[in-house]
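*Asks:* any chance you could fold what I've pasted below:
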Amino acid sequence: MQSSLLHSHSGLRWILLLLLVATVFSTFGKRSGKVAFTAQDKKLSLFTLIAAHLQAVLGLGLYFMSTKVDFSSTTMSSPVHRFFTMEHTLMMLIAIILITVGYGHAKKANAKKVFTYYLIALIVILIAIPWPFRTALSAGWM
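*Replies:* I've put the predicted structure just below:
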């Protein structure tokens with residue numbers, strides 16, 4: 001079960017990143033208010049919110065199953081355990097909150113605030129992903 005959750009969580013990452021980038025680009029030109037915030041923009045924001053919350057549910061399932069999450073006295077001295085127990089989890093929860101607040105502004109058709117919240121969430125997520133080039137975390141592309 002942990003393997004299927006991990007693959008789902010890793011695969012959904014790409015969908016969420018794609019939706020976040022699409023939402024940021026969609027709202028970029030509408031920040032000034034000269035171009036209307038459309039129903040399509042609102043739907044794109046909603047799909048991004050849904051993907052983010054689904055990703056959070058899968059991540060929380062992994063949090064309680066993974067061997068990379070450890071609650072012992074050595075957690076903070078191990079880069080892998082510290083990252084997955086504290087850093088990754090906290091940063092992703094912050095990103096989920098930012099996306100949720102951003103969607104609240106999408107319902108009010110405030111493109112400038114949607115752009116700002118979603119862009120900050122995208123940056124936080126990109127920082128918190130265990131990319132393969134972060135060799136200390138022993139993570140792969142999937």
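*Asks:* pLDDT wise, what is the closest residue to Lys30 other than its chain neighbours at?
*Replies:* Spatial nearest neighbour of Lys30, excluding adjacent residues (C-beta to C-beta, 6 or more residues apart in numbering): Ala111 at 3.8 Å. C-beta: built from backbone N, CA, C; applies to glycine. Predicted confidence (pLDDT) for Ala111: 91.
*Asks:* give me the neighbour count for Ala111.
*Replies:* Residues contacting Ala111 under the criterion other C-beta atoms under 10 Å number 24.
*Asks:* if I look at Ala106, how far off is Thr27?
*Replies:* In this structure, Ala106 and Thr27 are 8 Å apart, going by C-beta to C-beta, to the nearest Å.
*Asks:* overlap in contacts, those two.
*Replies:* 37, 41, 114 (C-beta atoms under 8 Å, 6 or more residues apart in numbering).
*Asks:* so which of those residues is the closest to Ile94?
*Replies:* Ranked by distance to Ile94 (C-beta to C-beta), the shared contacts of Ala106 and Thr27 are led by Val114 at 17.1 Å.
*Asks:* which ones are touching the closest one?
*Replies:* 23, 27, 37, 41, 45, 102-103, 105-106.
*Asks:* that one and Pro132, how far apart?
*Replies:* Val114 is 31 Å from Pro132, by C-beta to C-beta.
*Asks:* same deal with Thr75?
*Replies:* In terms of C-beta to C-beta, Thr75 sits 23 Å off from Pro132.
*Asks:* these two - which one has more neighbours?
*Replies:* It is Thr75, of Thr75 and Pro132, that has more neighbours when counted by other C-beta under 10 Å, with 15 against 12.
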